[in-house]
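*Asks:* Quick one, what's the 3D model for this:
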Amino acid sequence: MAAGVVGFSRHFSLGFFPSSPSSLNAPVSRPYKRVGRSCLLGVTSGPTRQSASFKAQDTVVETDQDQPKWWERNAGPNMIDIHSTQEFLSALSQAGDKLVIVEFYGSWCASCKALFPKLCRTAAEHPEILFFKVNFDENKPMCKSLNVKVLPYFHFYRGSDGQLEYFSCSLAKFQKIKDAIQTHNTARCSIGPPRGVGDLNLESVPS
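*Replies:* Numbers count the residues shown, from 1 in each chain. From the prediction side, this is the model:
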């Protein structure tokens, strides 16, 4: 019994247990938490904690500015950003017999953001398909002409067949896009020039 008491006293005196009840409320050092490329450190006190926090927040902001926005990322060369009606018509005209999938999106659209990573993976899996990205806010007249009223929205085009299909789609219904790809991405050769698109006429594009 005496040996047990001596062992307990030795552990206690070496600091394995708190020396007083008040020390139970003392700040405990915590591991750092990684945020972006910076780290928020453990508990500190007074002005030091505040300044360290501000510094970390500034670092995160600067890092975010260096990174592309979610809608600016592309899966590969077959994913193309469209910035104007003329770009859209020219890109369709140059696509030839390739299947073209056009995504109409908004940078503020949560559903568009949720779906986008899966769309990028699909583009990487199908390098033979062209994926056009049309920012709704940058191209409102064109979107209105194409009757785009909900986001995200998809159009499918191919050569002289013109517009094949169009529909709205969310992440939960992404299978609709896969089904449309399976239906329209078949080997074929178009006869004749590409057809007009809604109220937009491809014939006005210079060759």
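
*Asks:* Which stretches in the protein count as strands?
*Replies:* Listed in chain order, the strands of the chain (DSSP state E) span 33-35, 38-40, 79-82, 99-105, 130-135, 153-158, 162-168.

*Asks:* most packed of those?
*Replies:* For the strands of the chain, the largest average neighbour count (mean count of other C-beta atoms under 10 Å) is found in strand 99-105, namely a mean of 24. Using the backbone N, CA and C atoms, a C-beta is placed for each residue, glycine as well.

*Asks:* could you give the angle of that one to strand 162-168?
*Replies:* With axes from the mean of the first three to the mean of the last three C-alpha atoms, to 10 degrees applied, the angle from strand 99-105 to strand 162-168 works out at 40 degrees.

*Asks:* Run through the protein and note the low-pLDDT ranges.
*Replies:* Counting by pLDDT under 70, the ranges of the chain that qualify are 1-66, 188-207.

*Asks:* hmm, try it at 50
*Replies:* Across the chain, residues meeting the criterion (pLDDT under 50) sit at 1-24, 26-63, 202-203, 205-207.

*Asks:* Isn't L151 up against F104?
*Replies:* Yes: L151 is within contact range of F104, at 6.1 Å (criterion: C-beta atoms under 8 Å).

*Asks:* and for the two, which residues touch both?
*Replies:* Listed as contacting both L151 and F104 by C-beta atoms under 8 Å, 6 or more residues apart in numbering are F136.

*Asks:* re the thing from before, dump the strands of the chain to JSON lines, plus distance to T186.
*Replies:* Compiled in JSON lines, these are given as follows (distance: least, C-beta to C-beta, whole Å):
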{"stretch": "strand 33-35", "distance to T186": "47"}
{"stretch": "strand 38-40", "distance to T186": "50"}
{"stretch": "strand 79-82", "distance to T186": "21"}
{"stretch": "strand 99-105", "distance to T186": "9"}
{"stretch": "strand 130-135", "distance to T186": "16"}
{"stretch": "strand 153-158", "distance to T186": "10"}
{"stretch": "strand 162-168", "distance to T186": "11"}
